[in-house]
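**Student:** Fold the following and give me the result.
(2 chains)
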Amino acid sequence: MSWHRKHLLDIESLSAAEIGTVLDTARAFKAVGERLIKKVPALRGKTVVNLFIEPSTRTRISFELAAQRLSADIVNFSADASSFKKGETLKDTARNLEALNADFIIIRHSASGAAHFLSRVLNAHVINAGDGAHEHPTQALLDAFTIRERKGKIAGLNVTILGDILYSRVARSNIWALTKLGANVTLCGPSTLVPKTFEQMGCRVTHDMEDAIREADIINLLRIQHERQRKTMFPGIGEYTTLFGLTQARLALTKPDALIMHPGPINRGVEIDSEIADSSRSLILEQVTNGLAVRMAVLFLVNGGKGPQEVAGN
Amino acid sequence: MSESCVILNASAIQRALTRIAHEIAERNENGAAVVLVGVPEIGDVLAQKLSVILSEIWRLPVPVGILDVTMHRDDLDQRLAPRVHPTVIPFDVTGKTVVLVDDVLFSGRTTRAAMDALNDFGRPKKIQLAVLIDRGHRDLPIKADFVGKNVPTALTEKVRVRLDLPGREDEVVLEK
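**Tutor:** Sure, this is the predicted structure:
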């Protein structure tokens, strides 16, 4: 058991033991979601602000439900309907929210480092819900949780991450988490979107789809992020599907117990065949369920940290 | 290394549990209405041991649940986030007599949290409390129904219960 952090900003700075603590804690919180009364009073009286300066549905709702199940009050704040449109800076917006006694700020922003920046200017707990192409730590934690739950372990597994790696914060956070936990990570996609430089993060890089999936225990498909693409980097949807789409024919090449993951939202018929997405080998909806448990665990863990680990428990 | 002395050895723990089981049986005539719910990390092990003894007395299985109370604690702001254990209560507590089982009764705050947590699972007819050690110093108006041993302690002392550890005898130790 080890958790001494006030914020969750990235996976890069976490130790394997800290990641393990989140996953163990999330196990208990997953069980809360299966009860008749899905609410515990752990964060009663606390205020959580979802500061989403970039559109998101599932992450925002997941954090919102997580906070509610911990009995916190939650305020949703989106860029369109806010004073950002009137020219207020991120720092001023965040400090205004803090002046309303927000205890937690969950931030999604298009600029890498936005969460780190807020953690330096605020007293509140800051949780990174995705910053530019940098990191999306809770996604990596929920992916690791899902893999561990289904495979019983992470160390030694072959995990292939497929798609737009270059612009993907999900990929970066996943690479950090999985390599720290001892998995063998393979990256695959068009060479423009999967540069060899990623080998420096301890991964294998290939541009041959069949080579990437043949030995994989887990295949994590990423969405093509049209909003982050520059035209020159991307071959076009048709060509991408032909070369890198997970079709039934390609699935037949994989190990029979290989499982398919996707952070969503999925583009059916582009990166994944529609039937595969709905098959028993797809963990896509389990990821959503587990995401809620992991986010409850993260809120619960960062809330502590003001005293000694062991209080006279007995 | 701090000074420590053994309060209960393995056989004394076993005798205490046997006595507690008989007291539970004496208090509750209808064994079929009784369920045991242990508070981790030690209370769940004790509950399991009590269930074995009670099953022999009543000649029927006595269900055991595990109740994590950390999410209901009142000191979450004042400490690092505690270890959270999965709660497993594979039966309906509504209408049952729930015997809460914990290793050490001290401030009473864990028991208070446990009663709150239990309410999320239903409405027990009765809640009773069984503890291996009562060390005094209550902060809340809470009293155990079944006690293995009363141990007067100083606030600075610690009571450690060691059960089912590999290569170690079961024992209860008072550390000064």
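
**Student:** Write out the residues of chain B neighbouring chain A.
**Tutor:** B:68, B:70-73, B:75-88, B:102-107, B:110, B:116-117, B:120-121, B:133, B:135, B:158-159, B:161 (Cβ under 8 Å from any Cβ of the partner chain). To be clear about C-beta, it is placed using only N, CA and C from the backbone, and glycine gets the same treatment.

**Student:** mind listing which of those residues are in strands?
**Tutor:** Judged by DSSP state E, the subset of the residues of chain B next to chain A located in strands is B:102-105, B:133, B:158-159, B:161.

**Student:** Mind putting these into a markdown table with pLDDT and neighbour count?
**Tutor:** Shown next, in a markdown table, are these (pLDDT from 0 to 100; neighbours: other Cβ atoms under 10 Å in any protein chain shown):
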| residue | pLDDT | neighbour count |
| --- | --- | --- |
| B:102 | 97 | 28 |
| B:103 | 96 | 26 |
| B:104 | 96 | 23 |
| B:105 | 96 | 25 |
| B:133 | 96 | 26 |
| B:158 | 93 | 18 |
| B:159 | 95 | 21 |
| B:161 | 95 | 23 |
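
**Student:** Could you work out the most separated pair of these?
**Tutor:** Greatest spacing in these, by Cβ to Cβ: B:102 and B:158 (15.5 Å).

**Student:** which stretches of chain B have low pLDDT?
**Tutor:** Scanning chain B for pLDDT under 70 picks out B:1-2.

**Student:** try 90
**Tutor:** Low-confidence segments of chain B, defined by pLDDT under 90: B:1-4, B:41, B:71, B:73-86, B:120, B:165, B:167-168, B:176.

**Student:** Any of the residues of chain B next to chain A buried? List them.
**Tutor:** Among these, those classed as buried by 16 or more other Cβ atoms under 10 Å in any protein chain shown are B:68, B:70-73, B:76, B:79-85, B:87, B:102-107, B:110, B:116-117, B:120-121, B:133, B:135, B:158-159, B:161.

**Student:** If I take the longest helix seen in chain B and strand B:158-162, what angle do their directions form?
**Tutor:** As assigned by DSSP state H, the longest helix anywhere in chain B is helix B:10-27. Interaxial angle of helix B:10-27 relative to strand B:158-162 (axes from the mean of the first three to the mean of the last three Cα atoms, to 10 degrees): 90 degrees.

**Student:** For helix B:10-27, list every residue counted as buried.
**Tutor:** B:12-13, B:16-17, B:20-21, B:24-25.

**Student:** next one: stretch A:44-53
**Tutor:** Result for stretch A:44-53 [16+ other Cβ under 10 Å]: buried residues A:46-53.

**Student:** Stretch B:52-69 too?
**Tutor:** Buried residues in stretch B:52-69 (16+ other Cβ under 10 Å): B:53-54, B:58, B:62-69.

**Student:** returning to that earlier point: would you mind listing the two of the buried residues of stretch A:44-53 that lie farthest apart?
**Tutor:** Every pair of the buried residues of stretch A:44-53 checked by Cβ to Cβ; the farthest is A:46 and A:53, at 22.0 Å.

**Student:** Which of the residues of chain B next to chain A fall in helices?
**Tutor:** B:110, B:116-117.

**Student:** out of those, who's nearest residue A:302?
**Tutor:** residue B:117 (22.1 Å).

**Student:** Not counting its neighbours along the chain, what's nearest the residue nearest the centre of chain B?
**Tutor:** Closest to where the C-alpha atoms of chain B average out (Cα atoms, centre = their mean) is residue B:102, at 1.5 Å. Nearest residue to residue B:102 in three dimensions, chain neighbours excluded: residue B:43, at 4.2 Å (Cβ to Cβ, 6 or more residues apart in numbering or on different chains).

**Student:** Might one say that that neighbour is in contact with residue B:103?
**Tutor:** Yes: assessed by Cβ atoms under 8 Å, residue B:43 is found in contact with residue B:103 at 5.6 Å.

**Student:** I'd like the ones in strands among the residues of chain B next to chain A written out as TSV, with distance to residue A:174 added.
**Tutor:** Shown next, in TSV, are these (distance: Cβ to Cβ, whole Å):
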residue	distance to residue A:174
B:102	41
B:103	41
B:104	43
B:105	46
B:133	47
B:158	42
B:159	44
B:161	41
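
**Student:** mind checking how far residue B:44 is from residue B:15?
**Tutor:** As judged by Cβ to Cβ, to the nearest Å, residue B:44 and residue B:15 stand 21 Å apart.

**Student:** actually residue A:233, sorry about that
**Tutor:** Relative to residue B:15, and taking Cβ to Cβ, residue A:233 is found at 74 Å.

**Student:** Which residue lies nearest the spatial centre of chain A?
**Tutor:** With distances taken as Cα atoms, centre = their mean, residue A:139 lies nearest the centre of chain A, 1.1 Å away.

**Student:** what about that residue, is that helix, strand or coil?
**Tutor:** helix (DSSP: H, G, I helix; E, B strand; the rest coil).

**Student:** can you pull the contacts of the closest residue to it other than its chain neighbours?
**Tutor:** Excluding its sequence neighbours, the residue lying closest to residue A:139 (Cβ to Cβ, 6+ apart) is residue A:170, at 5.0 Å. Residues counted as contacts of residue A:170 (Cβ atoms under 8 Å, 6 or more residues apart in numbering or on different chains) are A:136, A:139-140, A:222, A:263.

**Student:** Now do the strands in chain A.
**Tutor:** With DSSP E as the criterion, chain A has strands at A:47-52, A:73-78, A:104-109, A:125-131, A:158-162, A:184-188, A:204-206, A:218-221, A:259-261.

**Student:** Of all those, which one comes closest to residue A:246?
**Tutor:** Set against residue A:246 and scored by Cβ to Cβ, those come closest in strand A:218-221, at 6.0 Å.

**Student:** count of residues packed around residue A:110?
**Tutor:** 15 (other Cβ atoms under 10 Å in any protein chain shown).

**Student:** isn't it right up against residue A:53?
**Tutor:** Yes: shown here, residue A:110 and residue A:53 form a contact pair, counting by Cβ under 8 Å, at 6.8 Å.

**Student:** Could you report the neighbour count for the nearest residue to residue B:97 once chain neighbours are set aside?
**Tutor:** The shortest distance from residue B:97 to any non-neighbouring residue, by Cβ to Cβ, 6+ apart, is to residue B:126 (4.5 Å). The number of residues packed near residue B:126 is 14, by other Cβ under 10 Å.

**Student:** From residue B:92, how far out is residue B:126?
**Tutor:** 15 Å.

**Student:** CA atoms of the longest helix of chain B as PDB?
**Tutor:** C-alpha atoms of helix B:10-27 as PDB (Å, rounded to 0.1, in the frame of the first residue of the first chain):
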ATOM      1  CA  ALA B  10      -2.700 -19.600  20.200                       C
ATOM      2  CA  SER B  11      -4.500 -21.900  22.600                       C
ATOM      3  CA  ALA B  12      -5.900 -19.000  24.700                       C
ATOM      4  CA  ILE B  13      -7.200 -17.400  21.500                       C
ATOM      5  CA  GLN B  14      -8.900 -20.700  20.500                       C
ATOM      6  CA  ARG B  15     -10.500 -21.000  24.000                       C
ATOM      7  CA  ALA B  16     -11.700 -17.400  23.900                       C
ATOM      8  CA  LEU B  17     -13.300 -18.000  20.500                       C
ATOM      9  CA  THR B  18     -15.000 -21.200  21.700                       C
ATOM     10  CA  ARG B  19     -16.400 -19.300  24.700                       C
ATOM     11  CA  ILE B  20     -17.600 -16.400  22.500                       C
ATOM     12  CA  ALA B  21     -19.300 -18.900  20.200                       C
ATOM     13  CA  HIS B  22     -21.100 -20.500  23.100                       C
ATOM     14  CA  GLU B  23     -22.200 -17.100  24.400                       C
ATOM     15  CA  ILE B  24     -23.500 -16.200  20.900                       C
ATOM     16  CA  ALA B  25     -25.400 -19.500  20.800                       C
ATOM     17  CA  GLU B  26     -26.800 -18.800  24.300                       C
ATOM     18  CA  ARG B  27     -27.900 -15.300  23.400                       C
END
